[in-house]
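[1] build the 3D model from these lines:
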Amino acid sequence: ACAAACGGFLELAGAAAAGLEQDVAAAARAFSETIAYLREDPNQSPEEFFSTLVAFKRKFDEAQRRCAHRAKQDARRKTEAERSANADARIREKLRRRDSAPALAPQPPKPRARHRRATSAGA
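    Take a look at the predicted model:
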């Protein structure tokens, strides 16, 4: 009875192990093809390759973040420069209008009104 049960297990386990061996062989081929495609050293281990790849990805992501930040700063500076130029243009236009306005004739001073002092009646 035990031999029959063990035989069934060995058959299933053997099939699973064969499938895993095929998966490992496919992964090894894919790794070798990737190494060749990227023209990396074929003698390096997967750990060396992937640690280099991960380090590159981190540096690349950081560079992208810096570029995006710099682009935002440049856009902000451009907007501020345009606002400043527009403000300067408005000020120059107001000054031009003020300088081109007709001069007003000087007005003589208004006479001061004289107030009568109230006198006390009956004193």
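
[2] in this protein, which spans are helices?
    Using DSSP state H, the helices of the chain run over 2-37, 46-100.

[3] reformat those as CSV; add distance to Arg114, mean pLDDT and mean neighbour count.
    Every C-beta, even on glycine, is put in place using the N, C-alpha and C of the backbone. Formatted as CSV, these follow (distance: least, C-beta to C-beta, whole Å; pLDDT from 0 to 100; neighbours: other C-beta atoms under 10 Å):
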stretch, distance to Arg114, mean pLDDT, mean neighbour count
helix 2-37, 106, 90, 10
helix 46-100, 38, 92, 10
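
[4] export those to CSV and tack on distance to Arg116?
    Below are the helices of the chain laid out as CSV (distance: least, C-beta to C-beta, whole Å):
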stretch, distance to Arg116
helix 2-37, 110
helix 46-100, 44
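
[5] for Pro108, find the nearest of those.
    Among those, the nearest to Pro108 by C-beta to C-beta is helix 46-100 (24.4 Å).

[6] which other helices and strands contact the closest one?
    helix 2-37 (3 or more C-beta pairs under 8 Å, 6 or more residues apart in numbering; DSSP states H and E).

[7] just the angle for the helix it packs on relative to helix 46-100, thanks.
    Counting by axes from the mean of the first three to the mean of the last three C-alpha atoms, to 10 degrees, helix 2-37 lies at 50 degrees to helix 46-100.

[8] now helix 2-37: how far from the chain's centre is it?
    Between the centre of helix 2-37 and the centre of its chain there are 46 Å (C-alpha atoms, centre = their mean, to the nearest Å).

[9] centre-most residue in the chain?
    Ala68 (4.0 Å; C-alpha atoms, centre = their mean).

[10] quick one: that residue from Asp61, how far?
    In this view, Ala68 and Asp61 are 11 Å apart by C-beta to C-beta, to the nearest Å.

[11] ok, Gly19 next?
    In this structure, Gly19 lies at 36 Å from Asp61, with C-beta to C-beta as the measure.

[12] one more: Glu47?
    Noted for Glu47: a distance of 21 Å to Asp61, by C-beta to C-beta.

[13] ditto for Asp23
    Asp23 sits 30 Å away from Asp61, going by C-beta to C-beta.
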